[in-house]
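A.B. asks: generate a structure from the sequence data that follows.
(chains A, B, C and D)
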Number of protein chains: 2
Amino acid sequence: MTLTGQDPALLRRLNAAAVLRALHGSDALTLTQLVNATSISRATVEDVIAGLQSEGHAEEVRPRAEDPRPVGRPAKRYRFRAEAGHVVGLDIGPNKVLALTADLKGRIVDTRRSAVSPEATPDDRLAAARAVVRRTLRAAGLEPADVRALGVATTGVVDPAAGKVVVSDRLPGWAGLDLAGALGGLCAGPVLVGNDTNLAALAEHWRGVATTADDVLCILAGRSIAAGLLIGGKLHLGRNGAAGEIGVMSAFGWYTALDRFYSYGADEGSAAEAAERVFEAVRRGDHEASAIVRAFVRDLARGVGAAVLTMDPELVVLGGGMSGAGDLLVEPLREELAELCLFPVRVEASTLGSESVALGAVRLALDHVERSLFDV
Amino acid sequence: MTLTGQDPALLRRLNAAAVLRALHGSDALTLTQLVNATSISRATVEDVIAGLQSEGHAEEVRPRAEDPRPVGRPAKRYRFRAEAGHVVGLDIGPNKVLALTADLKGRIVDTRRSAVSPEATPDDRLAAARAVVRRTLRAAGLEPADVRALGVATTGVVDPAAGKVVVSDRLPGWAGLDLAGALGGLCAGPVLVGNDTNLAALAEHWRGVATTADDVLCILAGRSIAAGLLIGGKLHLGRNGAAGEIGVMSAFGWYTALDRFYSYGADEGSAAEAAERVFEAVRRGDHEASAIVRAFVRDLARGVGAAVLTMDPELVVLGGGMSGAGDLLVEPLREELAELCLFPVRVEASTLGSESVALGAVRLALDHVERSLFDV
DNA sequence: ATATTTTTAGTAGGTTCTCTAATAATTGGC
DNA sequence: GCCAATTATTAGAGAACCTACTAAAAATAT
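C.D. replies: Residues are numbered from 1 along each chain as shown, chains lettered A, B, ... in the order given. You can find the predicted model right below:
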């Protein structure tokens, strides 16, 4: 029944959450600043703060001597104790395993990376993942008990409720894997599993180019092409967790779109490498390379256009291996989409780089922790 | 700052809303039933009910003599006063104007319809709309002041915040029209404008085949083809209010897909009529007609498939003029989609008929009213 | 050095709302 | 006519909020 005020203590929980949110959103605040920010009375804020202090969520900070002191009795200042807990974001990719440790304010305190062969067995890959998590905790000086949640990103379709991989065509033997179970003992908090494309979208909304947009289509173009959807600022997963898997649609020929890049120069290396060779050539003014890019963008736009028409997003973010090309892809894509759709749509290239997926995993973990801190 | 309990009275508002919700969701409830439903203490529920009664939102009902009486002191029964307010849902279509009047429980108390020529000027169409609203109010015995909100559905892209029509290729001179302004004086409450396809989706979720699903793609196939999206049970409009306008994509050839029906028999009448002739023939076992339907469904599935891959809905509802065909379209569409997409998706034909859009407009109006009744 | 001004800290009192617990009322069945 | 069951009604205690007041601490003016 949604929310029923059965208990006057509900007010206190509500107010404590509001005060904590205000503290969380800022560096350090005086009591009067908190009163203004929350529009709760001073007496109550005072009381709430005392409770938050004893719980370890807030802390009084002494004003530094170098700060300019205003007239009047000096105000006590309080800050959110971001070090009261940590989260780990883990990206299990085909070629690497990457773990980020962050405090409750989302500050990344450690980054660990470890190379994995694309042909590695699930057991080997999981072992590498576990090792990199243990190493980042050690480096950050943390115990497993300090970690409130572990966010995990992986390719393929996942079931977040079960913490399992449902479909995976990239990693051998990965489908059906119980990721949450396999990584369960590493940290005290729950293991939250997400799809890499979706989590990249989350990262873009958090610290990428999509901070101001709430309806975002986030394309991850690499070897395969998929999209993560943010609707109302929140991830939209879909019935099967397969929302945004537009690359599947053979009618668009996306699977072959990338092959165009191989037609330029040497037919070797990863798709990203082949693509980078072509972009390099375009920057040199090579006409053949330009034609290849144009043709690729036209293919891309047909699929992205269908998704754009479906959800009419505020912003399309181009991420993954292709995002390095920047305006070389963004500009023509924007034009093609304007042709296909009713309204022009903003298109931007991601600037987060190779850590975007792991960053999204951190955000996933933080979302969980913040819900418990700030809700009800 | 979301919700801060600045005042013990917040609890009362919260509890009053919870009690009213419980009352709204049922026919009549005793105090003890309310206590169980809301898990609020009896003393409080009693107090809350007294308040609701004096506001006119709740009413005590005497138990009817024919009801079997249990042992013990007879319980007082209360009910939601649905007649405390009404809403009107208005569908302004190319050929007709349809108005439904409903009470606060969504019970339709009157239906008025009026034919309009597809070539009518905006002024004529608006005059017909106003007339039909006035007539339904008179028939329901209501004053404009009794109407808490007026929901309006129309073709084309609309801006709900401004209450204006942005794009309309069906109704001459309709684009740019300030609908909310033009219909402002008719009722006391606000005028809420929505796209017909979207509102049909809302209706399906309310009283159609989509009551159990929260992520729904609702196709409205008539002369043009568009879809309404429900995400998390709520309408997704998109940045420009154009979400679901997949019919625009010329690559799919949807604009011509309907022409197939004209190729069978006489080349006359509306698309819906031509289609009905073909379906009739299919039911008689005509092979040529079956082939036409199959080809049509294949075109349809390409476009719907793109939308399904994008949002991965729980259910696809086939509505509009084509929904009468029922399984003749649904069954093959389901099969085609299963081929194109990663996961099979539920497909159902709408059963709401020609009033679905107006019903959605009622729902839009009720959503507004219920927010004010049940929230905070 | 002292008084003034400014700003914040801390305290007290009253109100609202909640819950629990005990008592009173009303009905059907024996 | 009494008993059991169920609900209505009343009373009292606790938690949390707000406003208003007094006390304290620092910078600044005299």
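
A.B. asks: contact residues of chain A facing DNA strand D?
C.D. replies: Contact residues, chain A versus DNA strand D (C-beta under 7 Å from any atom of the strand): A:8-9, A:11-12, A:15, A:40-44, A:47-48, A:69-74. In this view, the C-beta of every residue, glycine as well, is placed from N, C-alpha and C.

A.B. asks: mark which of the residues you listed are buried, thanks.
C.D. replies: A:11, A:15, A:40, A:44, A:47-48 (16 or more other C-beta atoms under 10 Å in any protein chain shown).

A.B. asks: quick check: which of the residues of chain A next to DNA strand D are also close to chain B?
C.D. replies: Restricting those to those near chain B by C-beta under 8 Å from any C-beta of the partner chain leaves A:8, A:11-12, A:15, A:40-41.

A.B. asks: for the residues you listed, which one is nearest A:Ile246?
C.D. replies: Relative to A:Ile246, the closest of those is A:Asn15; by C-beta to C-beta it sits at 44.8 Å.

A.B. asks: remind me which helix or strand that closest one belongs to.
C.D. replies: Applying DSSP states H and E as the criterion places A:Asn15 in helix A:9-24.

A.B. asks: quick one: is the helix or strand just after that helix near chain B?
C.D. replies: Proceeding N to C from helix A:9-24, the next assigned helix or strand is strand A:29-30, under DSSP H and E. No. Strand A:29-30 stays clear of chain B (C-beta under 8 Å from any C-beta), getting no nearer than 13.1 Å.

A.B. asks: just checking: what are the partner strands of strand A:29-30?
C.D. replies: strand A:77-80 (antiparallel) (DSSP bridges).

A.B. asks: listing partners with orientation, what would you give for the helix or strand following the partner strand?
C.D. replies: Per DSSP H and E, the first helix or strand lying C-terminal to strand A:77-80 is strand A:86-92. Strand pairing for strand A:86-92, determined by DSSP bridges: strand A:96-103 (antiparallel), strand A:147-154 (parallel).

A.B. asks: how far does strand A:86-92 sit from the chain's center?
C.D. replies: Between the centre of strand A:86-92 and the centre of its chain there are 11 Å (C-alpha atoms, centre = their mean, to the nearest Å).

A.B. asks: do the same with stretch A:158-175
C.D. replies: Centroid separation between stretch A:158-175 and its chain, computed with C-alpha atoms, centre = their mean, is 19 Å.

A.B. asks: residues contacting the residue in the stretch 251-376 of chain A that DNA strand D sits nearest to?
C.D. replies: Per C-beta to the nearest atom of the strand, the residue of the stretch 251-376 of chain A with the smallest distance to DNA strand D is A:Val376, at 13.4 Å. Listed by C-beta atoms under 8 Å, 6 or more residues apart in numbering or on different chains, the contact set of A:Val376 reads A:3, A:10, A:13-14, A:17.

A.B. asks: if we can go back for a sec, packing partners of the helix holding A:Asn15?
C.D. replies: helix A:31-38, helix A:42-55, strand A:58-61, strand A:77-80, helix A:356-374, helix B:9-24 (3 or more C-beta pairs under 8 Å, 6 or more residues apart in numbering or on different chains; DSSP states H and E).

A.B. asks: what angle separates the longest helix seen in chain A from helix B:287-311?
C.D. replies: Counting residues, the longest helix in chain A under DSSP state H turns out to be helix A:287-311. Relative orientation of helix A:287-311 versus helix B:287-311 (axes from the mean of the first three to the mean of the last three C-alpha atoms, to 10 degrees): 100 degrees.

A.B. asks: give me the contacts around the helix or strand following helix A:287-311.
C.D. replies: Using DSSP H and E, the helix or strand that directly follows helix A:287-311 along the chain is strand A:315-319. Residues outside strand A:315-319 that contact it (C-beta under 8 Å, 6+ apart): A:200-201, A:204, A:208-210, A:213, A:215-221, A:304, A:308, A:329-330, A:333, A:337, A:345-350, A:352, A:356.

A.B. asks: now do the contacts for A:Leu220.
C.D. replies: Going by C-beta under 8 Å, 6+ apart, A:Leu220 touches A:196-197, A:200, A:226-228, A:319-320.

A.B. asks: ok, now how distant is it from A:Ala301?
C.D. replies: Distance of A:Leu220 to A:Ala301, computed by C-beta to C-beta, to the nearest Å: 16 Å.

A.B. asks: swap in A:Val165?
C.D. replies: Taking C-beta to C-beta, one finds A:Val165 at 31 Å from A:Ala301.

A.B. asks: what about the nearest residue to A:Ala58 once chain neighbours are set aside, how many neighbours?
C.D. replies: Computed as C-beta to C-beta, 6 or more residues apart in numbering or on different chains, the closest residue to A:Ala58 that is not its neighbour in sequence is A:Leu52, at 3.9 Å. A count of neighbours around A:Leu52, defined by other C-beta atoms under 10 Å in any protein chain shown, yields 19.

A.B. asks: so who does the closest residue to A:Val87 other than its chain neighbours touch?
C.D. replies: Counting by C-beta to C-beta, 6+ apart, A:Val87 lies nearest to A:Ala365, which is 3.7 Å off, once chain neighbours are set aside. Applying C-beta under 8 Å, 6+ apart to A:Ala365 gives the contacts A:87-89, A:102, A:148-151, A:189, A:192.

A.B. asks: let's go with 10 Å and repeat that
C.D. replies: By C-beta atoms under 10 Å, 6 or more residues apart in numbering or on different chains, the residues touching A:Ala365 are A:86-90, A:100, A:102, A:106, A:147-152, A:187, A:189-192, A:194.

A.B. asks: do the same with A:Thr351
C.D. replies: For A:Thr351, the contact set (C-beta under 10 Å, 6+ apart) comprises A:204, A:207-209, A:317, A:319, A:323-324, A:326.

A.B. asks: can you check A:Val109 too?
C.D. replies: A:82-83, A:86, A:100-103, A:136, A:139-142.

A.B. asks: run the last query once more with 8 Å
C.D. replies: A:Val109 touches A:86, A:101-103, A:140, counting by C-beta under 8 Å, 6+ apart.

A.B. asks: who in the stretch 151-300 of chain A is up against chain B?
C.D. replies: So far as C-beta under 8 Å from any C-beta goes, the stretch 151-300 of chain A lies against chain B at A:157, A:167, A:215, A:227, A:229, A:231, A:236-246, A:248-251.

A.B. asks: just the buried ones from the residues you listed?
C.D. replies: A:157, A:167, A:215, A:227, A:229, A:231, A:236-246, A:248-249, A:251.

A.B. asks: picking that back up, mind putting the ones next to chain B among the residues of chain A next to DNA strand D into a markdown table with distance to A:Thr32?
C.D. replies: Output for these, formatted as a markdown table (distance: C-beta to C-beta, whole Å):
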| residue | distance to A:Thr32 |
| --- | --- |
| A:Pro8 | 26 |
| A:Leu11 | 21 |
| A:Arg12 | 21 |
| A:Asn15 | 16 |
| A:Ile40 | 12 |
| A:Ser41 | 12 |
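
A.B. asks: which one among those residues gets closest to B:Glu370?
C.D. replies: The closest of these to B:Glu370 turns out to be A:Leu11 (C-beta to C-beta; 24.8 Å).
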